[in-house]
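In: Sequence and predicted structure are below.
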Amino acid sequence: MDSSLFKLTSLNLNGIRSASTKGVEAWIEATAPDCICVQEIKAQAADMTGRFELLAGLRGHFHYAEKKGYSGVGVYSRHEPSDVVVGFGSHEFDAEGRYVEARFDTPARKLSIISAYFPSGSSGELRQTAKFRFLAEMHEHLMRMKGEREFIL
């Protein structure tokens with residue numbers, strides 16, 4: 001395999017503890033990604049300390065939901081980011097733990113890898129309307145970023 005390739009994976013865990021009991025660490029070791037974006041960790045900082053801060057040698061950075069056992073996202077990486085941004089500045093949605101951005105900046109390039117968990121609108125009209133607001137806010141945020149840096153969402 002070409003060592004210059006970067007392997008990025010995205011996983012909806014539906015709970016990091018549940019994913020762990022189902023063998024996610026073994027899968028990560030077998031597939032050897034350089035970076036993993038995870039959604040629905042369904043955990044708080046105290047749940048992650050020690051046990052889930054590292055997965056198969058990759059260090060994690062997280063955005064936790066204020067509501068216990070709800071959503072939450074993370075980025076695990078073999079390389080330490082130059083910066084980590086938690087939340088995208090949304091008064092409405094940042095409390096739901098839906099956005100974490102790992103920045104890998106060099107003098108030649110500004111690159112962000114973003115793990116985001118978009119709301120579902122399937123539970124009814126109120127949540128569908130909230131999803132549309134989220135999409136509009138996320139679009140504005142990404143358009144601002146576009147002029148400053150490259151990103152992978």
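Out: Happy to help now that I have it. Note that the structure is a prediction, hence the values are computed from the model and not measured.
In: ok, and for the helix ranked longest in the chain, which residues are buried?
Out: Looking across the chain with DSSP state H, the single longest helix is helix 125-146. By 16 or more other CB atoms under 10 Å, the buried positions in helix 125-146 come out as Ala130, Lys131, Phe134, Glu137, Met138, His141, Met145. Quick note: C-beta positions are derived from backbone N, CA and C, even for glycine.
In: The residue most central in space within the chain and Ala136, how far apart?
Out: The centroid of the chain falls nearest to Ser115 when counting by CA atoms, centre = their mean (2.6 Å). To Ala136, Ser115 is 20 Å away according to CB to CB, to the nearest Å.
In: pLDDT weak spots in the protein?
Out: For the chain, residues meeting the criterion pLDDT under 70 lie at 1-3.
In: where do the helices sit along it?
Out: For the chain, the helices defined by DSSP H cover 16-21, 24-31, 45-48, 125-146.
In: For the ones you listed, could you give me CSV that also reports distance to His61?
Out: CSV is the format used below for the helices of the chain (distance: least, CB to CB, whole Å):
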stretch, distance to His61
helix 16-21, 14
helix 24-31, 16
helix 45-48, 10
helix 125-146, 18
